[in-house]
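> Sequence and predicted structure below; questions after.
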Amino acid sequence: MQNAAARLITGARRREHITPVLRQLHWLRVQHRVEFKPVCLVRQALCGQMPTYLADDIRLVSEGNQRSLRFSFDNMCAMPRTHNSFGDRSFEAAGLRIWNNLRRGLQTLEISYKHFKRY
């Protein structure tokens, strides 16, 4: 559907590659969009820019442990335990998993939200 909508908007032909068309429109592929939205929400929650009912579920590893761990100084989030595939797809589990898999440079909260969204 996304590719068809992009072709309709730009007037691209059916045989043309869709990737340049999506870049021209500044659209993400569906899979990337599915990962992009939750990780942006996690970052906003860690910065204190989200409602408390979402931000309360997100804990950093360094907040919960008394001992110094390998990830204590990073902005790594503590992953909740899930017992089925529905739990794995929840915001809390999926968003935190994607956040923990980001490059270390993007996990710093000192960069602006605008800069974060570019990468």
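Structure received.
> ok, now which ones touch the residue nearest the centre of the chain?
Nearest to the mean C-alpha position of the chain, by C-alpha atoms, centre = their mean, lies Val39 at 2.0 Å. Shown in contact with Val39 (C-beta atoms under 8 Å, 6 or more residues apart in numbering): Gly95, Ile98, Trp99, Leu102. (Glycine included, C-beta is placed from N, CA and C.)
> okay, those in CSV with neighbour count and secondary structure next?
What follows is these, written out as CSV (neighbours: other C-beta atoms under 10 Å; DSSP: H, G, I helix; E, B strand; the rest coil):
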residue, neighbour count, secondary structure
Gly95, 23, helix
Ile98, 16, helix
Trp99, 23, helix
Leu102, 17, coil
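> Moving C-terminal from the longest helix seen in the chain, which element do we reach first?
As assigned by DSSP state H, the longest helix anywhere in the chain is helix 30-46. Later in the chain than helix 30-46, the nearest helix or strand by DSSP states H and E is helix 52-55.
> show me where the chain has helices.
Going by DSSP H, the chain shows helices at 2-10, 19-25, 30-46, 52-55, 61-64, 85-88, 96-100, 113-118.
> still on that earlier bit, centre of the chain to the longest helix of the chain, how far?
In terms of C-alpha atoms, centre = their mean, to the nearest Å, the centre of helix 30-46 is set 3 Å apart from its chain centre.
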